[in-house]
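>>> coordinates only, no sequence provided:
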């Protein structure tokens, strides 16, 4: 299994197991959003990886994003969800199938109101380092 896929599975499992996250989005954490999905929800977004190998050890550096969507009449709900996700993932010691997670760190969050004037999106970015 690739490290990127193992990391995505572990992030999904951690979010699904977090009482704080679940209290805000229930089970609405998606890789592909169903057309009938109710807001708010979390979407596993863009990701990338690059070699972080040294002359003696293998390693991969990962960049991943999560998108949070809300339509609650302001930014309070979306910022509460962002806080719960950060608490769940930043520095988490996740178990990856076939790989070791060395570090998982929050790097940034951006908030935006969408063109309909009612929907808000937050994009969180994390970096991770894995080893085989």
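Perfect, thanks for sending it. This structure is a prediction, so every number in the text was calculated from the model and none was measured.
>>> quick one, strands of this protein?
Here the chain has its strands, by DSSP state E, at 29-30, 41-51, 60-70, 100-113, 120-131.
>>> give me the angle between the third one and strand 100-113.
Angle, strand 60-70 to strand 100-113, by axes from the mean of the first three to the mean of the last three Cα atoms, to 10 degrees: 30 degrees.
>>> ditto for the last one
Between the axis of strand 120-131 and that of strand 100-113 there is an angle of 170 degrees, by the same axes, to 10 degrees.
>>> re earlier: any chance of the strands of the chain in TSV with mean pLDDT and distance to residue 19 as columns?
From N, CA and C alone the C-beta is placed, and that goes for glycine too. Formatted as TSV, the strands of the chain follow (pLDDT from 0 to 100; distance: least, Cβ to Cβ, whole Å):
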stretch	mean pLDDT	distance to residue 19
strand 29-30	98	14
strand 41-51	95	15
strand 60-70	96	17
strand 100-113	97	19
strand 120-131	96	19
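>>> who wins for proximity to residue 18 among those strands?
The closest of the strands of the chain to residue 18 is strand 29-30. By Cβ to Cβ, the value is 9.7 Å.
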